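>>> let's see this in three dimensions:
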Amino acid sequence: MCAALRAAWTRRTLHFSFTARTSRETMTLRPTWYIKLWDSETPGVYGIGECAHFAGLSAEPTDGFETKLNDLCHSLNHGRHVDISRWSSLKMGLECALLDLENGGQRILFPGDFVENRSEVVINGLVWMGSADEMLARIDSKLSQGFRCLKMKIGGVRFNDELRLLDHIRMSFPPDKLTLRLDANGAFTPENAMEHLDRLANFDIHSIEQPIRAGQLDKMSYLCENSPIPIALDEELIGIHDISEMRRLLYFTSPQYIVLKPTLCGGLSGADMWIHVAKEKNIGWWITSALESNIGLNAIAQWTAALSPDMPQGLGTGMLYTDNIASPLYLDRDTLHYNPDIKWHMPQMEWTEP
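This is a model prediction of the structure:
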């Protein structure tokens, strides 16, 4: 950190361009927070990180979140330490703001091929829940856009309707043409999970995220060992910060994959630890954004590209919101790119400098 580091924060409410449904909730608005860092001698050069606290999913408490963010900025402004080790989204925002500032305050956190538009990140197309007709239209739209890997959120409509949607996909797109991932968000129960997994396996599914809700480790371990579909842990990882706890979870459950949301998994540094432990156990992984604005998505995309992943990632495209921050990120079929010729257009925001 520079000797004269200053910090401020602000809140922004984003508006979905559609009604976003999961098996847990329905969303039309998304509050998010930003932290801004600069050297008092050069205030025009600043780094920004997104603290995209996810109420109902984050392990950190919702009550008191802004107070903790304010305390973090106050401590930075007075050269004092504040413990945010268990505040994942704050760690994420602070880490990204520091990287941005260290690299000149241009929203370039990881200089290299990606931000020079010499490489890209292959992503899956995300099909949100809706009525059967809505989901069918969304599937057809993603396929027409050229996605080679689709991720469907399931558990929000009748199971038989979801099976018919999968059948519709497979009639036109066999496994060698299209990879299918599923995300149950814990919608199955331990009692019906194996029956559902057996029926879903008929459609050559790449993987299924979190078939049962987090915290049922004995039952999850059984599913990981016996499921006909590879299982990916997602929500199960949230709230674990110590590498010994990470090892304990992955060695006990032995999933085929883990899905890493840096905002929810201890920031970039925490996600790096998860990858390290997964490699010890030969567990696959991919990175997923968690409804961040383009500030957070940009940071995650650059970090992901630097890892040189070998399978489609779960990154957003910046099109979720009607009022997202304009950025150099763009999508070409199913590959996410960064155009350095396009400049960031940061909106006017009211900052609190405690």
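>>> domains in the protein, by residue range?
According to automatic domain parsing, the chain comprises the domains 5-102, 121-338.
>>> what's the closest of the ones you listed to Trp344?
Using C-beta to C-beta as the measure, domain 121-338 is the one of these that comes nearest Trp344, at 6.0 Å. C-beta here means a position set from N, CA and C on the backbone, and glycine is covered the same way.
>>> buried sites along the biggest strand by length in the chain?
In the chain, taking DSSP state E as the definition, the longest strand is strand 5-21. Across strand 5-21, burial judged by 16 or more other C-beta atoms under 10 Å covers 6-9, 11-12, 14, 16, 20-21.
>>> what helices and strands are in contact with that strand?
Applying 3 or more C-beta pairs under 8 Å, 6 or more residues apart in numbering; DSSP states H and E, we find strand 5-21 packed against strand 26-39, helix 65-77.
>>> next helix or strand past the first one?
Elements were assigned by DSSP states H and E; along the chain past strand 26-39, the next helix or strand is strand 42-51.
>>> tell me which of the helices and strands packed on strand 5-21 sits nearest to Ile139.
When the helices and strands packed on strand 5-21 are compared by C-beta to C-beta, strand 26-39 sits nearest Ile139, at 19.7 Å.
>>> the inter-axis angle of that closest one versus strand 5-21?
Here strand 26-39 points in a direction 170 degrees away from that of strand 5-21 (axes from the mean of the first three to the mean of the last three C-alpha atoms, to 10 degrees).
>>> can you offset everything so residue one is 33?
Will do, 33 is the new start, and the previous item becomes strand 58-71.
>>> with just CA atoms, put strand 58-71 into CSV.
Presented in CSV, the C-alpha positions along strand 58-71 are these (Å, rounded to 0.1, in the frame of the first residue of the first chain):
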residue,chain,number,x,y,z
THR,A,58,-36.8,-14.2,-7.5
MET,A,59,-34.8,-11.1,-8.1
THR,A,60,-35.5,-7.8,-10.0
LEU,A,61,-33.0,-5.6,-8.2
ARG,A,62,-29.4,-6.2,-7.1
PRO,A,63,-27.6,-3.9,-4.6
THR,A,64,-23.9,-3.8,-4.8
TRP,A,65,-21.1,-1.8,-3.2
TYR,A,66,-17.7,-0.4,-4.4
ILE,A,67,-14.6,0.5,-2.6
LYS,A,68,-12.3,3.2,-4.0
LEU,A,69,-8.6,3.5,-3.2
TRP,A,70,-6.2,6.3,-4.1
ASP,A,71,-3.0,8.0,-3.0
